[in-house]
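3D, please:
(2 chains)
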Number of protein chains: 2
Amino acid sequence: MSANSYLDILHSIDPVANEDLKAYAPFIVDGIKVGLLEEKVCQKILEYGHLVDNQLLVTSNEEGQAYVTFSASVTDSNNRTKILKTLTEAWREAAEFNTLAGWRGELFAIHGDPNDPRGFFFELERSASPIFGIGTYGSHLNGLVRTENKLPKVWIGQRAASKQTWPNFLDNTVGGGISSGCSPKEIIIKESMEEAGIPSELATNAVLTGTVSYMIAALGLEQSTLFVYDLYLPDDFQPVPQDGEVGAYYLYSFEEIEQLLLDGKFMPDAAIVIIDLFIRFGYLTPETNPHYQLLVYGIHRRLEVPPMSLARSS
Amino acid sequence: MSANSYLDILHSIDPVANEDLKAYAPFIVDGIKVGLLEEKVCQKILEYGHLVDNQLLVTSNEEGQAYVTFSASVTDSNNRTKILKTLTEAWREAAEFNTLAGWRGELFAIHGDPNDPRGFFFELERSASPIFGIGTYGSHLNGLVRTENKLPKVWIGQRAASKQTWPNFLDNTVGGGISSGCSPKEIIIKESMEEAGIPSELATNAVLTGTVSYMIAALGLEQSTLFVYDLYLPDDFQPVPQDGEVGAYYLYSFEEIEQLLLDGKFMPDAAIVIIDLFIRFGYLTPETNPHYQLLVYGIHRRLEVPPMSLARSS
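Predicted coordinates:
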């Protein structure tokens, strides 16, 4: 029962089979697939194309598959960013896509362009990312407290009742999207203070343990990579909600978290970070869970976008 | 330079692109793909088929793609095991495949049959596994020693000069294949004593941290999953070679291990476990390595075989 439930959680979060991806139109820039768009998005690009001199094209390849690309004259990241800004602002005004109701005024970078000095193909308003199915990046942190047992306790945040997305759901200790030009570690230090009041002297000890990556088909296609940090906090330290994003923090054992997870109390991205935590600490094992390897695969899905590039190849 | 070298190591180990897999004939049992065979293996099945009343067939599907399967009358795992035993023993006698020179007399289980009481499709001599491209499983252990720094030191084994495969190469502290009917944890406890003299009271504290999975095209196709354990050893404990498999043990820092890794001193599967260790401990990061995400993906490749099944789904 509980063994199957883990897989149910993963499938409920990550229900897009590779076969299903054929229904999406690739977003191709300089020959590289940077996103995946639903048919209805292609229609809106055509409908609003006059606003940008039709410099964002819907066309098709030799096999007749539709794809989206910039016209050949649009070769630099600034111009690409401007075109998408014009379109998404018009769509927001006209209430074309639900996700734009959550407009953030925050730019995500589309990584991987070897010809751009910053390595970006373009930048895009955060709430528009599912419309274009681009790769998005975040940093999440597990705040841990050592116990006399082998397993630590974990500080779990409960999202504020006022949050637009997933109000009152349980979340990791800290989490934030990686804005254009920031590194995963910078984000975790910044968000640790802003969300939980963890001072940067403490937060800088957070250890990156890897990534989880997954697709979610909701308000478009999300292709998400989260950089997962562990941070051991002193016994007498208590995270305190700072910015209204988190309602409260609770210190739970792995057993308590497992029950809350299986009861569906966690928001999707936090649930995946918790499954990763359970795997890394040997709480989930192949001896007790028949779907162990499917869970390991599932939280490490290879996404259909270029990975984040920060350090430059020498 | 060193950043690229990590990717070089991974590619030198795992050079089989998904596109390349089309050249292999799937091994289909009860409608499930359990392995991948080179064309020359299909030829040998035909050539030696009379020894097993042609009950292992090379046939083709509606699209004309060749595949290998058992004849419809061979429905249970014991009979399937016998047929493969007869063929592989004949091939060994005739020196048909190089890998059979390393005959182990040890059976690997082909997992995933929901109709078999043990969940096995069949069992197969370990050294024959690359011929059929089945999924193989092992348990590896990092023996760690806490230091005053954030990073522990790691006990690294050097393989004996007399080993048939990879003599003198560096290896993880402990490693072993998972024989049919054994669990990953049982193997790690058994091999810890047999290889390194780590008593079971200590070895039982080993914590499973996840798996690494990869393909190697060498003497056939290996589709390997390794269960990776970490074990903190007391300062005054020293692993000692027991069974002639390991020549010596050295206690190295992460920096020392990195240099040896980039110098090509590690055998392939151990190198992948070391990359995983570096990722999990935050020694490898996206801020310093431009291929970080490709390395995370690369060590978690989704293999073309059913995953190991131990616990039964309820």
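
The lengthiest helix in chain A - what's its average pLDDT?
When chain A is parsed with DSSP state H, its longest helix is helix A:77-93. Mean pLDDT, helix A:77-93: 98.

any idea which helix or strand comes after it?
strand A:107-111 (DSSP states H and E).

re the thing from before, for the longest helix of chain A, C-alpha coordinates in PDB please.
Coordinates of each C-alpha in helix A:77-93 appear next as PDB, following Å, rounded to 0.1, in the frame of the first residue of the first chain:
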ATOM      1  CA  SER A  77      19.700  37.300 -26.900                       C
ATOM      2  CA  ASN A  78      18.500  40.900 -26.200                       C
ATOM      3  CA  ASN A  79      16.300  41.000 -29.300                       C
ATOM      4  CA  ARG A  80      14.900  37.500 -28.600                       C
ATOM      5  CA  THR A  81      14.200  38.600 -25.000                       C
ATOM      6  CA  LYS A  82      12.300  41.800 -26.300                       C
ATOM      7  CA  ILE A  83      10.200  39.800 -28.700                       C
ATOM      8  CA  LEU A  84       9.000  37.400 -26.000                       C
ATOM      9  CA  LYS A  85       8.500  40.300 -23.600                       C
ATOM     10  CA  THR A  86       6.200  42.000 -26.100                       C
ATOM     11  CA  LEU A  87       4.200  38.800 -26.700                       C
ATOM     12  CA  THR A  88       3.900  37.700 -23.000                       C
ATOM     13  CA  GLU A  89       2.800  41.200 -21.900                       C
ATOM     14  CA  ALA A  90       0.100  41.300 -24.600                       C
ATOM     15  CA  TRP A  91      -1.100  37.900 -23.600                       C
ATOM     16  CA  ARG A  92      -1.100  38.900 -19.900                       C
ATOM     17  CA  GLU A  93      -3.200  42.000 -20.800                       C
END
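
Now do that helix and strand A:107-111, the angle between them.
Relative orientation of helix A:77-93 versus strand A:107-111 (axes from the mean of the first three to the mean of the last three C-alpha atoms, to 10 degrees): 130 degrees.

what about helix A:77-93, distance to the chain center?
Here helix A:77-93 is found 21 Å from its chain centre; the criterion is C-alpha atoms, centre = their mean, to the nearest Å.

Going by neighbour count, which residues in that helix are buried?
Neighbour counts using 16 or more other C-beta atoms under 10 Å in any protein chain shown place A:77, A:80-81, A:83-88, A:91-92 of helix A:77-93 among the buried residues. All C-beta spots, glycine's among them, are computed from the backbone N, C-alpha and C.

what residues does that helix touch?
A:29, A:44-45, A:48, A:51-52, A:55-56, A:70, A:74, A:97, A:100, A:103, A:107, A:113, A:116, A:118, A:120-125, A:128, A:131-132 (C-beta atoms under 8 Å, 6 or more residues apart in numbering or on different chains).

Just those residues: which are in strands?
A:29, A:56, A:70, A:107, A:120-125 (DSSP state E).

Among those residues, which one sits closest to chain B?
A:F120 (14.1 Å; C-beta to the nearest C-beta).

Helix, strand, or coil at A:Q242?
coil (DSSP: H, G, I helix; E, B strand; the rest coil).

Isn't it up against A:G197?
Yes - with contacts counted by C-beta atoms under 8 Å, A:Q242 reaches A:G197, the gap being 5.0 Å.

joint contacts of the two?
Counting by C-beta under 8 Å, 6+ apart, nothing touches both A:Q242 and A:G197.

Give me the neighbour count for A:D30.
Taking other C-beta atoms under 10 Å in any protein chain shown as the criterion, the count of residues near A:D30 is 14.

how about it, what does it touch?
A:113, A:115, A:121.

Pretty sure A:E39 sits against A:K22.
No - here A:E39 does not reach A:K22: they are 11.6 Å apart, not a contact under C-beta under 8 Å.

More neighbours: these two, which one.
Taking neighbours as other C-beta under 10 Å, A:E39 and A:K22 compare with A:E39 leading, 11 against 8.

Please list all residues in contact with that one.
A:E39 neighbours (C-beta under 8 Å, 6+ apart): A:23, A:25, A:66.

If I look at it, what pLDDT would I see?
95.

quick one: which of the contacts of A:D30 is most hemmed in?
A:F121 (24 neighbours).

who touches that one in this structure?
A:F121 is in contact with A:29-30, A:32, A:34, A:77, A:80, A:110-113, counting by C-beta under 8 Å, 6+ apart.

please redo it, this time with the cut-off set to 10 Å
Listed by C-beta atoms under 10 Å, 6 or more residues apart in numbering or on different chains, the contact partners of A:F121 are A:27, A:29-30, A:32, A:34-35, A:70, A:77, A:80-81, A:109-113, A:115, A:134, A:306.

And for A:L219, the neighbour number?
17.

Was I right to think it contacts A:F132?
No - using C-beta atoms under 10 Å, A:L219 is not in contact with A:F132; the gap is 11.8 Å.

tell me the SS of A:M215?
strand.

Does it have any beta-bridge partners, and if so which?
A:M215 has these beta-bridge partners by DSSP bridges: A:Q223.

pretty sure it is touching A:D20, no?
Yes - with contact defined as C-beta under 10 Å, A:M215 reaches A:D20; the gap is 9.3 Å.

So those two - more neighbours on which side?
Neighbours were counted for A:M215 and for A:D20 using other C-beta under 10 Å; A:M215 has more, 22 against 12.

residues contacting the more buried one?
A:13-18, A:20-21, A:36, A:133, A:221-224, A:301, A:303-304.

Spatially central residue for chain A, please.
By C-alpha atoms, centre = their mean, the mean C-alpha position of chain A lies nearest to A:S224, the distance being 3.5 Å.

That one and A:T211: what is the separation?
Using C-beta to C-beta, to the nearest Å, we find A:S224 at a distance of 10 Å from A:T211.
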